[in-house]
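Trainee: Got a predicted structure plus its sequence, pasted below:
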Amino acid sequence: MGEKTFIGSFMGSLKSLAQGFLVAAGLIWLFNIFALFRGGEAWLALLYLLIIVIPASSLTYLKLKSTNHKAASDTSEKWRNLLFSFQGVALAFWMFDIATTFYAINVTGLAVELNPLGWPLGILGAFAYYAPTLVFSYILLFKIKESIALCATIPLTLITLGMGAMNLMAGTQNFQVFVDTAALATGVQYGLLELIIMVNLAVPLALKRMVSQPKFVLS
């Protein structure tokens, strides 16, 4: 019973972390679309918009078709899951910073790493904070489960979001390099557009078929 409880708690925490990460990633993606439109890259903005339709439509379809009704959790558990999801938000901001830094430095060569460790060792600076903070937050929220531990996680979460906000600002500046340098040939634009549209049509149809298939239960 104890092992099952641990697995259930661990999987629940991973779900909260993933939800926070996906929400932040979606917001970053929408910002990228706006930045591309504003930078005069309407074709790339359209491609970005169509790409996000794939996960958005798929998740919406699965949510609407879901028939599992879980028992309502208590208020304390909801707060714990919410606080832990902000760790996923900060991780998404950090990953955005890493991805855009790689493009700005390795692909275009138009930027340099300001961290004294240089690139890519500069990643270790943020990792040295995010990794122990993630583990410590998990212990406070899901292992100790005391009110004082829940309260202690709040300032820790705020500091983590502050760190993530700095990564987001750095990633935003790096993404401007992508907006200024990205260019696609007309043939490539149409080819990518056709491919993304086909994927947008195929994924929901595949999910619908998977969900509608009858499930066989062995007695």
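Mentor: Nice, I can see it.

Trainee: which residues sit against stretch 168-185?
Mentor: Outside stretch 168-185, the residues within contact range by CB atoms under 8 Å, 6 or more residues apart in numbering are 28, 31-32, 35-36, 39, 41, 43-44, 93, 96-97, 99-101, 103-104, 108, 110-111, 192. For every residue, glycine as well, the C-beta is placed using N, CA and C.

Trainee: Now list the buried members of those residues.
Mentor: Among those, those buried by neighbour count (16 or more other CB atoms under 10 Å) are 28, 32, 35-36, 39, 41, 43-44, 93, 96-97, 100-101, 103-104, 111, 192.

Trainee: Which of these fall within helices?
Mentor: In helices, defined here by DSSP state H, the members of the buried ones among the contacts of stretch 168-185 are 28, 32, 35, 36, 43, 44, 93, 96, 97, 100, 101, 192.

Trainee: got those as JSON lines, with distance to residue 83 columns?
Mentor: Converted to JSON lines, those look like this (distance: CB to CB, whole Å):
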{"residue": "28", "distance to residue 83": "21"}
{"residue": "32", "distance to residue 83": "27"}
{"residue": "35", "distance to residue 83": "30"}
{"residue": "36", "distance to residue 83": "33"}
{"residue": "43", "distance to residue 83": "40"}
{"residue": "44", "distance to residue 83": "36"}
{"residue": "93", "distance to residue 83": "16"}
{"residue": "96", "distance to residue 83": "21"}
{"residue": "97", "distance to residue 83": "22"}
{"residue": "100", "distance to residue 83": "27"}
{"residue": "101", "distance to residue 83": "28"}
{"residue": "192", "distance to residue 83": "39"}
